[in-house]
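Q: Please work out how this folds:
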Amino acid sequence: MEKGVLPSDFFNRIWKFFTSVKLTVLILLLLAMTSVIGTLIPQNKTSEAYLQEYGTFFYRFFDVLDIFDMYHSWWFQFLMLILTINIIVCSANRLSATWKIIFPGKKRFNVARFRDNSDKNEFTDNHSPDHLKDVYVPFVSKGFGYQKIEDTENGFSISAERGRWTRLGVYVVHLSVVFLLLGGLIGSIFGFEGFANISEGEKTDHIRLRKSDGIYHLGFEIRCDDFDVSFYETGAPKEYRSSLVILEEGKPVLKKNIVVNDPLRYRGINIFQSSYGTLPPKNATLIFESMESGMKYIKEASMGHPIELPESMGQFALKDFTQSYNFMGRNIGEAFLGLWTPAEGDPSQIVISTHFPQFDKMRKGSFIVSIKDYDQVIITRVFR
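A: Below you'll find the predicted structure:
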């Protein structure tokens with residue numbers, strides 16, 4: 001508090017600050033601008049994805065400002081809080097004057113004021129005042145909630161009004177906006193956000209929280225009965241669609257097909273369609289071509305389980321799968337990593353590319369191994 005400023009003066013300054021329409025316009029502009037940023041910069045992706053897209057410098061800069069989770073940042077919550085206070089104070093500041101208009105102690109009508117009104121409409125009627133009173137009083141009584149009849153020097157006047165309550169409409173709008181802002185604040189501060197990967201036919205009763213990477217148990221189960229993704233001609237994803245079922249104690253209680261902007265809502269939790277992916281394959285069908293005999297052998301292999309190779313070529317086991325394998329500085333895409341153990345000699349690693357069948361030929365070994373087929377489980381990613 002400034003030296004020499006009375007508490008009442010300080011309060012008046014604060015009150016005047018929050019009743020400013022300029023403050024309302026400024027906050028709305030800031031919220032609009034930041035919302036554009038939140039649209040242009042994808043929210044709640046992984047740190048690796050942001051590092052790859054923006055580089056180290058901009059990643060750290062955006063991370064400090066909470067741009068990657070903008071709608072839960074302290075400054076976005078602060079803007080919403082200031083706007084909420086601004087609307088409440090502005091409404092309260094004008095409510096007393098509006099209240100006097102709606103509920104006046106005594107309703108008065110100044111006939112002279114209406115006579116001087118530029119929007120008045122005059123006409124002449126040759127009937128007597130008593131006859132006109134009999135005609136207009138019932139008519140006015142039907143259309144207006146309040147009317148007053150006064151005698152004048154030349155006859156009489158009828159004053160009527162309606163719609164005083166409509167002045168409260170602006171406060172109803174303000175109250176609705178306040179409820180929306182408070183709901184957004186409560187959701188931003190106390191809400192949670194996470195994700196769950198579900199394959200077709202599988203279910204889950206928990207999600208992984210984005211901020212803490214902890215586990216949040218939902219209290220019910222989500223089952224994915226079907227997942228479908230369509231693509232544009234360019235190959236870019238066009239639409240993801242998941243058929244989800246909510247289970248309570250093992251029994252289905254709600255079913256809905258969700259897409260990106262059409263979530264499933266249950267128990268106050270919004271389940272959105274986020275993206276899709278694949279689980280690492282566990283089984284593959286391999287082709288072993290002997291360089292000595294030219295024979296090709298087809299073998300079924302499971303991750304981590306060795307298989308015996310013909311022609312005394314030893315044993316082979318799948319050890320890992322990667323979606324992006326770098327070979328001499330070039331990304332060749334998906335690849336299996338296997339371990340070959342010859343009958344004599346040391347084990348060696350073999351890379352099996354899913355996109356380049358002859359990739360193993362560069363190894364110049366006693367056989368060439370390639371992929372014929374492998375199981376690929378597509379998963380849907382949903383989140384709150």
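Q: Quick one: residues contacting Asp66.
A: Going by Cβ atoms under 8 Å, 6 or more residues apart in numbering, Asp66 touches 72-76. To be clear about C-beta, it is placed using only N, CA and C from the backbone, and glycine gets the same treatment.
Q: May I ask which two of those are separated the most?
A: The largest separation in those, counting by Cβ to Cβ, is between His72 and Trp75 at 10.6 Å.
Q: between the two, who's got more neighbours?
A: The residue with the greater number of neighbours, taking His72 and Trp75 and applying other Cβ atoms under 10 Å, is His72; the counts read 19 against 12.
Q: so what's that one closest to, chain neighbours aside?
A: Nearest residue to His72 in three dimensions, chain neighbours excluded: Ser188, at 5.3 Å (Cβ to Cβ, 6 or more residues apart in numbering).
Q: Which strands and helices lie in contact with the strand or helix carrying the one you found?
A: In this structure, Ser188 sits in helix 169-190 according to DSSP states H and E. Using 3 or more Cβ pairs under 8 Å, 6 or more residues apart in numbering; DSSP states H and E as the contact criterion, the neighbours of helix 169-190 among helices and strands are helix 74-102.
Q: mean confidence score for the next helix or strand along the chain from the helix it packs on?
A: Tracing the chain C-terminally past helix 74-102 and defining elements by DSSP H and E, one meets helix 111-115 next. For helix 111-115, the mean per-residue pLDDT is 72.
Q: helices and strands around the helix or strand harbouring Phe195, which ones?
A: Secondary-structure assignment from DSSP H and E places Phe195 in strand 194-199. Contacting strand 194-199 under the criterion 3+ Cβ pairs under 8 Å, 6+ apart are the following elements: strand 203-209, strand 215-231, strand 269-279, strand 377-383.
Q: Between strand 269-279 and the longest one, find me the angle.
A: Pointing back at strand 215-231 there. Put simply, strand 215-231 runs at 60 degrees to strand 269-279, going by axes from the mean of the first three to the mean of the last three Cα atoms, to 10 degrees.
Q: May I see the buried residues of strand 215-231?
A: Neighbour-count burial for strand 215-231, with 16 or more other Cβ atoms under 10 Å as criterion, is recorded at 216, 218, 221-224, 227.
Q: what are the pairing partners of it, and which direction each?
A: Taking DSSP bridges as the criterion, strand 215-231 pairs within the sheet with strand 203-209 (antiparallel), strand 237-248 (antiparallel).
Q: Would you mind telling me which of those strands is nearest Ala160?
A: If you check each of the strands paired with strand 215-231 against Ala160 by Cβ to Cβ, strand 237-248 wins as the nearest, at 57.2 Å.
Q: Quick check: what element follows the closest one along the chain?
A: Later in the chain than strand 237-248, the nearest helix or strand by DSSP H and E is strand 251-258.
Q: What helices and strands are in contact with that following strand?
A: Counting contacts by 3+ Cβ pairs under 8 Å, 6+ apart, strand 251-258 is packed against strand 215-231, strand 237-248, strand 264-266, strand 269-279.
Q: distance between the stretch of helix or strand Thr285 belongs to and the chain's centre?
A: With elements delineated by DSSP H and E, Thr285 resides in strand 283-290, which encompasses its position. Computed by Cα atoms, centre = their mean, to the nearest Å, the chain-centroid distance of strand 283-290 equals 45 Å.
Q: Tell me which residues of the helix or strand that that strand is followed by come out buried.
A: Downstream of strand 283-290, the next assigned helix or strand under DSSP H and E is strand 296-302. Buried residues in strand 296-302, counting neighbours by 16+ other Cβ under 10 Å, are found at 297, 299, 301.
Q: do stretch 60-77 as well
A: Taking 16+ other Cβ under 10 Å as the basis for neighbour counts, the residues of stretch 60-77 that come out buried are 62, 67-73, 76.
Q: Now do the same for that stretch: mean pLDDT, whole number.
A: Confidence for stretch 60-77, expressed as mean pLDDT, is 85.
Q: Only C-alpha atoms, please: export that stretch in CSV.
A: Taking only C-alpha atoms (Å, rounded to 0.1, in the frame of the first residue of the first chain), the coordinates of stretch 60-77 have been written out as CSV:
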residue,chain,number,x,y,z
ARG,A,60,13.3,-25.0,-23.1
PHE,A,61,11.8,-21.6,-23.8
PHE,A,62,8.3,-23.0,-24.4
ASP,A,63,8.6,-25.4,-21.5
VAL,A,64,9.4,-22.5,-19.1
LEU,A,65,6.2,-20.7,-20.2
ASP,A,66,4.2,-23.9,-20.0
ILE,A,67,3.2,-23.5,-23.7
PHE,A,68,3.1,-27.3,-24.2
ASP,A,69,0.3,-27.5,-21.5
MET,A,70,-1.0,-24.0,-21.9
TYR,A,71,-4.5,-24.5,-20.6
HIS,A,72,-3.1,-25.7,-17.3
SER,A,73,-0.5,-23.1,-16.9
TRP,A,74,-0.5,-20.6,-14.0
TRP,A,75,-0.7,-17.5,-16.3
PHE,A,76,-3.7,-18.9,-18.3
GLN,A,77,-5.4,-19.6,-15.0
